[in-house]
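Peer 1: Okay, predicted coordinates and the sequence, questions at the end:
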Amino acid sequence: MSSDKLYRLVSADGTNVSSTTPGTLGGHRKNRTYGRLDCKAARRALGTGRSYEQQRVFFADEATAIAAGYRPCAVCMPAQYAQWKAAGGKAR
């Protein structure tokens with residue numbers, strides 16, 4: 001029996017997958033946003049005690065988040081957000 005902890009990540013097609021490696025980015029399923037794990041906006045939302053935690057998802061990397069249809073967070077990823085916005089709000 002393996003003692004490796006499994007993490008639930010979202011794959012490029014939007015399905016949940018199990019991984020022995022934790023995600024490097026967090027996201028919000030309803031808002032379709034992703035950002036750094038230390039994002040101030042996400043930490044603030046998690047602290048409200050509302051349903052944000054239930055909508056929280058994790059990604060292995062930025063390419064996977066984009067492929068799954070998520071956009072970058074304007075707070076913790078301003079350069080990526082500006083690029084996304086300049087592209088008309090479409091995936092890169």
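Peer 2: Perfect, I can see it now. Numbering: from 1, shown residues only.
Peer 1: Only C-alpha atoms from now on, for both contacts and neighbour counts.
Peer 2: Noted.
Peer 1: what about residue 65, neighbour count?
Peer 2: 27 (other C-alpha atoms under 10 Å).
Peer 1: helix or strand right after the helix or strand of the chain with the lowest mean pLDDT?
Peer 2: When each helix and strand of the chain is scored by mean pLDDT, DSSP states H and E, helix 40-46 comes last, with a mean of 89. Next helix or strand after helix 40-46 toward the C-terminus (DSSP states H and E): strand 56-59.
Peer 1: State the mean pLDDT of that next one.
Peer 2: Averaged across strand 56-59, pLDDT comes to 94.
Peer 1: before we move on, the earlier item: pull the distance from the least confident helix or strand of the chain to the chain's centre.
Peer 2: Put simply, helix 40-46 sits 13 Å off its chain's centre (C-alpha atoms, centre = their mean, to the nearest Å).
Peer 1: got the contact list for that helix?
Peer 2: 52-53, 75-76 (C-alpha atoms under 8 Å, 6 or more residues apart in numbering).
Peer 1: So which of these is the closest to residue 67?
Peer 2: Checking the contacts of helix 40-46 against residue 67 by C-alpha to C-alpha gives residue 76 as the nearest, at 19.4 Å.
Peer 1: wait, the closest one sits on residue 37?
Peer 2: No - the criterion here is C-alpha atoms under 8 Å, and residue 76 misses it with residue 37 at 9.2 Å.
Peer 1: Out of the contacts of helix 40-46, which end up buried?
Peer 2: With neighbours counted using 16 or more other C-alpha atoms under 10 Å, those contain these buried positions: 52, 76.
Peer 1: hey, what's the residue nearest to the spatial centre of the chain bridged with?
Peer 2: When the chain is reduced to its mean C-alpha position, the closest residue under C-alpha atoms, centre = their mean turns out to be residue 27, at 2.5 Å. For residue 27, the beta-bridge partners under DSSP bridges are residue 34, residue 57.
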